[in-house]
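**Q** Sequence and computational prediction follow.
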Amino acid sequence: YGTILLKGETIELRDVPKIIMSFFSWPFDAKYSRNERLHVLERHSFAYSRIRQCSNLNEKEKENLLNKYSQTITHDFTTKQGVNGEAIPNGNTIWLNRNFLNSNQEDEIAQTLIHEMMHCAGYNHIERRPTDRPGDNGEYYNSPPLRAELCIAGRQSDRN
């Protein structure tokens with residue numbers, strides 16, 4: 001599969017895997033604007049492209065995550081304070097905080113999406129404790145959803 005990308009005067013041809021094209025059929029709550037939907041899909045596509053070469057996930061975790069991306073994932077908004085996103089283990093819905101989504105923190109948005117997709121793939125973590133720090137290899141930051149964040153930018157998010 002391929003697509004032509006147009007940006008201003010620039011035309012670019014890029015190979016796009018069939019699975020990424022299937023993301024465009026994922027349902028979004030009507031409260032999502034067209035630009036918000038496209039932004040989420042672009043960040044999902046980026047996260048998906050990083051999974052195979054990620055050395056922070058084992059092969060079974062990668063396989064489960066890739067399989068989840070082949071399923072329909074519904075997107076909605078959460079209004080919980082201090083939450084970037086949330087998902088239920090083995091679920092098919094991701095809730096994102098609209099303020100966070102519109103923050104233009106591109107890596108962190110992709111980190112949040114891959115983290116929430118790991119929950120959808122069946123993985124969970126303990127509640128974050130005040131003493132937990134990125135890279136501490138503790139129970140929280142060493143969980144699969146938090147290790148998946150390393151696939152995006154080589155670091156873990158430190159936002160609550």
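**A** Done, it's in.

**Q** Name the helix or strand for Leu96, please.
**A** strand 93-97 (DSSP states H and E).

**Q** So for that strand, mean pLDDT?
**A** Regarding strand 93-97, the rounded mean pLDDT is 97.

**Q** List the strands paired with that strand, with their directions.
**A** Strand 93-97 has the following sheet partners, assigned by DSSP bridges: strand 74-78 (parallel), strand 85-87 (antiparallel).

**Q** Show the subsequent helix or strand relative to that strand.
**A** helix 98-101.

**Q** For the residue positioned nearest the centre of the chain, which residues are in contact?
**A** For the chain, Leu113 is the residue whose C-alpha lies nearest the centre (CA atoms, centre = their mean; 1.7 Å). By CB atoms under 8 Å, 6 or more residues apart in numbering, the contact set of Leu113 is 40, 43-44, 47, 85, 94. In this view, the C-beta of every residue, glycine as well, is placed from N, C-alpha and C.

**Q** quick one on the thing from earlier: return the most buried member of the strands paired with strand 93-97.
**A** Counting by mean count of other CB atoms under 10 Å, strand 85-87 has the highest mean neighbour count of the strands paired with strand 93-97, with a mean of 21.

**Q** Show me the contact partners of that strand.
**A** 78, 80, 93-97, 100, 112-113, 115-117, 119-120.

**Q** of all those, which comes closest to Gly138?
**A** His115 (16.3 Å; CB to CB).

**Q** Tell me the spacing between the closest one and Pro145.
**A** 5 Å (CB to CB, to the nearest Å).

**Q** ok, those two, which is more surrounded?
**A** More crowded of His115 and Pro145, by other CB atoms under 10 Å: His115, with 28 against 24.

**Q** between the longest helix belonging to the chain and strand 93-97, how many degrees?
**A** Longest helix in the chain by number of residues (criterion: DSSP state H): helix 34-51. Orientation check (axes from the mean of the first three to the mean of the last three CA atoms, to 10 degrees): helix 34-51 against strand 93-97 gives 120 degrees.
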